[in-house]
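Visitor: Below is the sequence, then the predicted model.
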Amino acid sequence: MYEPLRELMAVVVALVFAAACFAANGSVRAELVEVKKIWDKAPHNAFTDLVRFKGQWYCCFREGEKHVSPDGALRVIASPDGVEWTSVALMISETADLRDAKLTITPDNRLMLSGAAALHEPTPVHHQTMAWFSADGRQWGEPVNIGEPNLWLWRVTWHKAAAYGIGYGALGDARLIRLYRSEDGRAFDTWVEHLFDVGRPSETSLLFLDDDTCLCLLRRDGEPNTAQLGISKPPYREWAWKDLGVRIGGPHLIQLPDGRFVAAGRSYEGGARTRLWWLDPEAGSLEEILTLPSGGDTSYPGLVLHDGLLWVSYYASHEGKTSIYLAKVKLPPPAG
């Protein structure tokens, strides 16, 4: 065989093999475009969320002396460009450690900040979820108790003018999660009383699709401890669950305009890292696409797709001090 023809055949074989691998995996790995530390003023800065609201970026997180400490407060910072950040709010409590700040945009175009108050002992109520509302991200109203005492309403998601959230906690000897629904983001009614109870379920991320299907990415810390994917159709009373085979902490979920799904959270394999995965809801499977610079105390990402990039807020202690980071990620095009 002539040498040029042999080289051409080698190239063709390589391309065919690459195409086969691409088709089998449905993706290639994502590219980390940029990552920077955006806040580290407290001794411990953690548990983030991220939204884009009225042309501004808003990131929220908890500040305190340690991962768990009685002085926990919720801070909100803002930026016009994701580069320069300023503090615009600080929620504090004299009677509780405020934890796990989350941001969402209400149907009437306000910011809703939620978080759980871990009340100081002694008290019969250990946790109470709270919410604050703002029209401009700067001026915030008084806190409102939402959900039920001792059932931690971890994240609120709006769909068709209704707010949904899943509370987790222990009732008697059972550790379970409960689905709530609200018309105004203030008064939450129990929608599914007993949603899931195997393996100490806790943190969740709800995602509503264009056909009104709801996906739930669920963390578990018991036996077994692998994440679950819940799937439900309106009115969201009945759910089917799939075991994803991977343990995830601080889960979050987003859908891309092309229909693909990206999951994010803490991966425990080989040490704690904050990672991104492709999620295949039909197969009930995850495929890792990127490990963000992270380690130690890390996770709780916020996810926003903007200008063709996935913006990810998260926290980590891999550089010594537990700090808040912002990453920009370029995702590969879909297979085919």
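Guide: Okay, I see it. Numbers count the residues shown, from 1 in each chain.

Visitor: from memory residue 331 sits against residue 30, does it?
Guide: Yes: counting by Cβ atoms under 8 Å, residue 331 does reach residue 30; the two are 5.1 Å apart. Glycine gets a C-beta too; all of them are placed from N, C-alpha and C.

Visitor: tell me which element the residue nearest to the spatial centre of the chain is part of?
Guide: Centroid-nearest residue in the chain, with Cα atoms, centre = their mean: residue 252, separated by 2.7 Å. Assigned by DSSP states H and E, residue 252 belongs to strand 248-255.

Visitor: and what of residue 123?
Guide: Here residue 123 is assigned to no helix or strand, by DSSP H and E.

Visitor: where does it land on pLDDT?
Guide: With respect to pLDDT, residue 123 scores 84.

Visitor: Number of residues surrounding it?
Guide: 11 (other Cβ atoms under 10 Å).

Visitor: any residues in contact with both of residue 331 and residue 30?
Guide: 289, 310 (Cβ atoms under 8 Å, 6 or more residues apart in numbering).

Visitor: Please identify which of those two sits among more neighbours.
Guide: Between residue 331 and residue 30, counted using other Cβ under 10 Å, the more crowded position is residue 331 (22 against 19).

Visitor: Give me the phi and psi angles of that one.
Guide: Main-chain dihedrals, residue 331, degrees, to the nearest 10: phi -90, psi 140.

Visitor: list the contacts for it?
Guide: Counted by Cβ under 8 Å, 6+ apart, residue 331 has contacts 30, 256, 262, 289, 310.

Visitor: residues in contact with the first one?
Guide: It stands for residue 30. The contact partners of residue 30, taken as Cβ under 8 Å, 6+ apart, are 276, 289, 290, 310, 329, 330, 331, 332.

Visitor: pLDDT below threshold where in this structure?
Guide: Along the chain, the parts satisfying pLDDT under 70 run over 1-27, 171-174, 336.

Visitor: Would you map the helices across it?
Guide: 3-25 (DSSP state H).

Visitor: Can you lay out the contacts of residue 30 as JSON lines showing distance to residue 109?
Guide: Below are these laid out as JSON lines (distance: Cβ to Cβ, whole Å):
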{"residue": "276", "distance to residue 109": "29"}
{"residue": "289", "distance to residue 109": "33"}
{"residue": "290", "distance to residue 109": "32"}
{"residue": "310", "distance to residue 109": "24"}
{"residue": "329", "distance to residue 109": "27"}
{"residue": "330", "distance to residue 109": "30"}
{"residue": "331", "distance to residue 109": "28"}
{"residue": "332", "distance to residue 109": "33"}
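
Visitor: Out of those residues, name the ones that lie in strands.
Guide: Per DSSP state E, strands hold the following members of these: 276, 289, 290, 310, 329, 330.

Visitor: re earlier: what comes into contact with the strand holding residue 252?
Guide: Contacts for strand 248-255 (Cβ under 8 Å, 6+ apart): 47, 203-207, 209, 215, 217-219, 221, 227, 261-268, 272, 279, 299-305, 310.

Visitor: Using CSV, write out the CA atom coordinates for that strand.
Guide: In CSV, the C-alpha atoms belonging to strand 248-255 read as follows (Å, rounded to 0.1, in the frame of the first residue of the first chain):
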residue,chain,number,x,y,z
ILE,A,248,-23.9,13.3,45.5
GLY,A,249,-23.9,16.0,48.1
GLY,A,250,-25.4,19.4,47.7
PRO,A,251,-27.2,18.4,44.4
HIS,A,252,-28.3,20.8,41.7
LEU,A,253,-29.8,20.2,38.2
ILE,A,254,-30.2,22.3,35.1
GLN,A,255,-31.4,21.7,31.5
